[in-house]
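# Would you be able to build a 3D model of this:
(chains A and B)
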Amino acid sequence: MIDWPLVSVIIFLPFIGALIILFIKEDELTSINIKWAALLTTLGTFILSLILWLQFDYSNPSYQYEEKFRWFDDFNFFYHVGVDGISLFMILLSTFLTPLCILASWNNIKKRVKEYMLSFLFLETVMIGMFASIDILLFYIFFEAVLIPMYLIIGIWGGNRRIYASFKFFLYTLLGSVLMLIAIIVMYRNTSSMSIEFLQGNYFSYNTQLFLWLAFFASFAVKIPMWPFHTWLPDAHVEAPTAGSVILAGVLLKMGGYGFIRFSLGMLPEATEFFIPLIMTLSIVAIVYTSLVALAQTDIKKLIAYSSVAHMGIVTIGIFIVNQQGLEGAMMQMISHGLVSAALFLCVGVIYDRMHTREIEFYGGLVQRMPLYATVFMIFMLGSVGLPGTSGFIGEFLVIVGAFKYSSYVVIGAAFGIILSAVYMLYLYKRIIFGSITNNKLADILDINTREKIILIPLAISVILLGIFPNLFLDPMRLSLELIITNYEIANAK
Amino acid sequence: MLNNIYNIFFIPEIFLACSSFVCLLFGLFLKKNAFRQTSNLAVFVLLFTIFLVYNDSESNFANYKSLFSHSSFINFFKILALLGSIASIIISKDYFLGIKLKNFEIPVLFLFSTLGMMLMIASNNLMSMYLAIELQSLSLYVAAAIKRDSISSAESGVKYFILGALSSGILLYGFSLIYGFTGSMNFDDISFYLSKYDNLNLGLIFGLVFVMVGLAFKVSAVPFHMWTPDVYEGAPNSITGFFAIVPKIAAVALIYRFCLVPFENFYLEWSQIILFLSIASMFLGAIAAIAQSNIKRLLAYSSIGHIGYILIALVAANDDGIKAASIYMFSYMIMNIAIFAILLSLKVKNEYLINISDLKGLSKSNPIVSLSISIIMLSMAGIPPFIGFFGKFYVFIAAIEQELYVLSVLGVLASVISAFYYLRIIKIMYFDESKSEGIINFKISFQSKIILFLSLFLIICFIFYPSLLINISASLTI
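Residues are numbered from 1 along each chain as shown, chains lettered A, B, ... in the order given. I've put the predicted structure just below:
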């Protein structure tokens, strides 16, 4: 197949781009060069990651494109990267969204363009690296390194309460992940291995598993986020610049779901079995509670932020019912949410750039002046609601099908949340798009320009593509997910 | 065997002692530029001492077996202390010239205290240990008060002296109890004597506790840390840099050797004390630093926190613990060298930087400097991919190897709290809008630039080839 280190190139290409940008001197004239350099780097990364997909062997459940080098001499730590069906789309999601983010910040980031692009490129490197790591220590290093650029993005280019939001984001997630560090070391001590591939199985005693599971839970539940650990999310989303919110909702939340599948399900099956009721309760509370909270929001970004928590609740249900439909649904829901919520934040960014407010009351009747905007916004809104034909439907449907095998109460909770999601999204759409323009300031608002079309149309296409041809995405991940389920069932059958 | 009398001058400590006197005379007889020339000479002396330590074989030290010991651990820490001294002499040179403090005695004092530290690290006998501690402390007392016309410098010197003398007294009392109950001053003899018993008698426990208190004072572990922030604050910045970088290395090596050589069989007795010191230091270091507005006080509390982590590795008391301590100490030294190299070159309105809030707007006027400070801060907070993370990582490996789960969890929690104040510095540089730009002035000499560049390089690039340091530290035996 491919005899050059494709995965490493994808991981480190943005980093090299960042190094190049570091040496471009920033002033009024050259800031455009910086933007172009960043855009080209990220586009190049995206194209390379498409090769990853095209050359992917669908019949192989384990890692492909593996690269392995000894990293530490004294312990079994390796620089070990590769891609399997689960991480493939996470990597694609990261590489797909980053160029869009850079385009989205083309005009509205005016101060410190250089640092901004550096942060984004570094962020892309660590995100891809995290999804591609097969060594847990490597995974951990990338997982925590994500905090650095994100802290800067929220803190420097964010809104009024950016400092509070950035500290909350950093410390909350750090608290979760340091506990994971302890768990990782305990795992290493018990097995002398840090390979994620090797540890997929059932290597720990029941009691150890319970503690390890809780430590991983602390980390991923904050990241994904689950109720009641979600309070950092609305702050971070609202204060972050548009592109920051896009990456936060599009990729960083998926790190939690990805971690749950890989670590909790894959490595700690018996403990997972024990904790399923807890997860289900928290997820249903999250779905219903945050949907209701979303209904009451007056800030568009905050509303979408709370809807993210609700959607992630569906993901955790899907993951922890541990069957084929559930897991596939959870993966689809993650990909779909990555696209849809990213697109919704970009849509909010479009009107925010023009009017500099995110208050729902300020808007109304946008369809009169911005018909094209109203159309794309509708596609994403419906994707978020889960209308058949959009990506959201596939994920929610599969999760609900899977959940029936577990318990119909869970289904009722999840379905109730889905209905609520239709309520708050349609209500939001009605308030800002429909009606006649009552606010005079909106009288000469312009419809989306070419740059915004370039950003939004690919997202709209992929949302519909995902809804119509789900197998395009489900086929590559199916065997990898089956492997995890088989391991899980063997471990719990004892 | 010592068959050639000339060889005696190539024992690193003897060489350093003689050369320190030479430096003193050299400075005395120079008419012009005495400070600068003596500093340069001191750097060369230290460099040659490193060479000697590196090539030092056991036979050279055989004659002093009862007083000093010889092992790879000792050599590693000696080299670390020497490197730290070299770096701090180089980075402080311009600062001293800038504040017109041109006493050539300063590098000589650094040399003498480094000599004391080398002897401390190597000491294998209660008496030599005490004398070595006194040699390094007396030099440091004078160094803290070297700016004679400044009240704060004199105050910090006196404070350091009084508390240091008190702790030395306590230490000495502990020594006398240990000597009284074991009948020996030599570490090996004490260890041999104690191996006959299953538990320590009351007198020895008292002795042990007193020595621990004295040593805790030297490493500034909570609750014996009170002198640290005040002395750091009062002393001239470059002296503070020396305090932060070098004596900690020696004191940590000493506390390791004292616990693991004569009292290695009485783990339970001393580990309780160290456990408490460790937890208290981590948390107090983390929480007290939050409220500081003075960068030197903040670094003082940060160093107290770091000592807490190093003591975790001591509680673990296994080979991984020794490895972790040496990696942590190395990273601690590198990070402190880097931050002080920057602080000693930053001027706000022609005054050297003291207040953290003066860093405001640094990211606009000196983007490279503020990026460096951010990297150092993140590294100190233990955020990967920087070197500070690996120090903490190895400490926790050692702790979990010994099944110290609660201690590890407390350790990581304290590290989250301490992340707050490190982030605060980044926040001040990057997030706060500054109205007055261009008042911060960064001027660094070529030599300090090299030191800064090297240490930043190590902080950032350690991740790419960790094995070099880790293999060395894995081979250390106490």
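
# now the strands: where do they sit in the chain?
The chain I'm using is chain A. Ranges of strands within chain A are A:64-70, A:78-83, based on DSSP state E.

# that answer is for a different chain, and I need it for chain B
Per DSSP E, chain B carries strands over the ranges B:346-348, B:351-352, B:440-442.

# Residue 340 - nearest residue in space that isn't next to it in sequence?
Because you didn't say which chain, this covers chain A. Counting by C-beta to C-beta, 6 or more residues apart in numbering or on different chains, A:Gly383 is the residue found nearest to A:Val340 once chain neighbours are left out, at 4.2 Å. For glycine as for every other residue, the C-beta is placed from the backbone atoms N, C-alpha and C.

# looking at chain B here, not the other one
Using C-beta to C-beta, 6+ apart and skipping the chain neighbours, the partner closest in space to B:Phe340 is B:Gly241 (3.6 Å).

# Test my guess that that neighbour contacts B:Asn336.
Yes. The pair formed by B:Gly241 and B:Asn336 meets the contact definition of C-beta atoms under 8 Å, at 7.4 Å.

# Could you pull up the residues touching the closest residue in space to A:Ala240 that isn't next to it in sequence?
Closest residue to A:Ala240 in three dimensions, ignoring its sequence neighbours and counting by C-beta to C-beta, 6+ apart: A:Ile154, at 4.7 Å. With C-beta atoms under 8 Å, 6 or more residues apart in numbering or on different chains as the criterion, the residues that contact A:Ile154 are A:162, A:165-166, A:169, A:236, A:239-241, A:244.

# Residue 173: how many residues sit nearby?
By default, I'm working from chain A. Other residues within reach of A:Thr173, judged by other C-beta atoms under 10 Å in any protein chain shown, total 27.

# oops, I was thinking of chain B
By the other C-beta under 10 Å criterion, the neighbourhood of B:Tyr173 contains 16 residues.

# ok now do the spatially closest residue to it that is not a sequence neighbour, which residues does it touch?
The shortest distance from B:Tyr173 to any residue that is not its chain neighbour, by C-beta to C-beta, 6+ apart, is 5.3 Å, and that residue is B:Phe210. Contacts for B:Phe210 (C-beta under 8 Å, 6+ apart) come out as B:170-171, B:173-174, B:177.

# For the residue of the stretch 201-350 of chain A found nearest chain B, which residues are in contact?
Distances from the stretch 201-350 of chain A to chain B, computed as C-beta to the nearest C-beta, single out A:Phe211 as the nearest residue at 8.1 Å. A:Phe211 makes contacts with A:183, A:186, as judged by C-beta under 8 Å, 6+ apart.

# One more: B:Leu254?
Contacts were defined as C-beta under 8 Å, 6+ apart; by that measure B:Leu254 touches B:120-121, B:123, B:129, B:133, B:215, B:218.

# same thing with B:Leu131?
By C-beta under 8 Å, 6+ apart, the contact list for B:Leu131 reads B:Leu119.

# Chain B contacts on the stretch 1-150 of chain A?
A:71-75, A:112, A:115, A:137, A:140-141, A:144-145, A:147-148 (C-beta under 8 Å from any C-beta of the partner chain).

# what about 10 Å?
With C-beta under 10 Å from any C-beta of the partner chain as the criterion, the stretch 1-150 of chain A comes near chain B at residues A:22, A:26, A:70-75, A:77, A:79, A:111-112, A:114-115, A:118, A:126, A:129, A:137-138, A:140-145, A:147-148.

# Just the buried ones from the residues you listed?
When burial is judged by neighbour count using 16 or more other C-beta atoms under 10 Å in any protein chain shown, the buried members of the residues of the stretch 1-150 of chain A next to chain B are A:22, A:26, A:71-72, A:74-75, A:77, A:79, A:112, A:114-115, A:118, A:126, A:129, A:137-138, A:140-145, A:147-148.

# Narrow these to those in helices?
Taking DSSP state H as the definition of helices, these contribute A:22, A:114-115, A:118, A:126, A:129, A:137-138, A:140-145, A:147-148.

# can you give me the helices in the stretch 301-450 of chain A?
Per DSSP state H, counting those that start in this stretch, the stretch 301-450 of chain A carries helices over the ranges A:324-355, A:366-369, A:371-385, A:391-406, A:408-433, A:450-468.

# could I get those helices as a markdown table with mean pLDDT?
As requested, those are arranged in a markdown table below (pLDDT from 0 to 100):
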| stretch | mean pLDDT |
| --- | --- |
| helix A:324-355 | 91 |
| helix A:366-369 | 84 |
| helix A:371-385 | 90 |
| helix A:391-406 | 90 |
| helix A:408-433 | 89 |
| helix A:450-468 | 90 |
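
# Deepest-packed of those helices, please.
Taking mean count of other C-beta atoms under 10 Å in any protein chain shown as the contact definition, the stretch among the helices of the stretch 301-450 of chain A with the greatest mean neighbour count is helix A:324-355, which reaches a mean of 25.

# got the contact list for B:Tyr179?
Each residue near B:Tyr179 by C-beta atoms under 10 Å, 6 or more residues apart in numbering or on different chains is listed here: B:126-127, B:185, B:190, B:207.

# hmm, which two among those are most spread apart?
Based on C-beta to C-beta, the longest span within the contacts of B:Tyr179 runs between B:Met127 and B:Gly207 and measures 14.5 Å.

# Nearest residue to whichever residue of the stretch 201-350 of chain B sits closest to chain A in space, please, no chain neighbours.
When distances are taken as C-beta to the nearest C-beta, the stretch 201-350 of chain B reaches nearest to chain A at B:Lys323, 7.8 Å away. For B:Lys323, the nearest residue in space outside its immediate sequence neighbours is B:Ser473; the separation is 4.7 Å by C-beta to C-beta, 6+ apart.

# Quick one: neighbours of residue 98, just the number.
Reading this off chain A. The number of residues packed near A:Thr98 is 30, by other C-beta under 10 Å.

# Actually, chain B is the one I wanted.
Other residues near B:Gly98 number 17, with proximity taken as other C-beta under 10 Å.

# ok now do it, which residues does it touch?
Under the criterion of C-beta under 10 Å, 6+ apart, the contact list for B:Gly98 reads B:92, B:237-238, B:344-345, B:347, B:350, B:352, B:443.

# which among these end up buried?
Among the contacts of B:Gly98, those buried by neighbour count (16+ other C-beta under 10 Å) are B:92, B:237-238, B:344-345, B:347, B:352.
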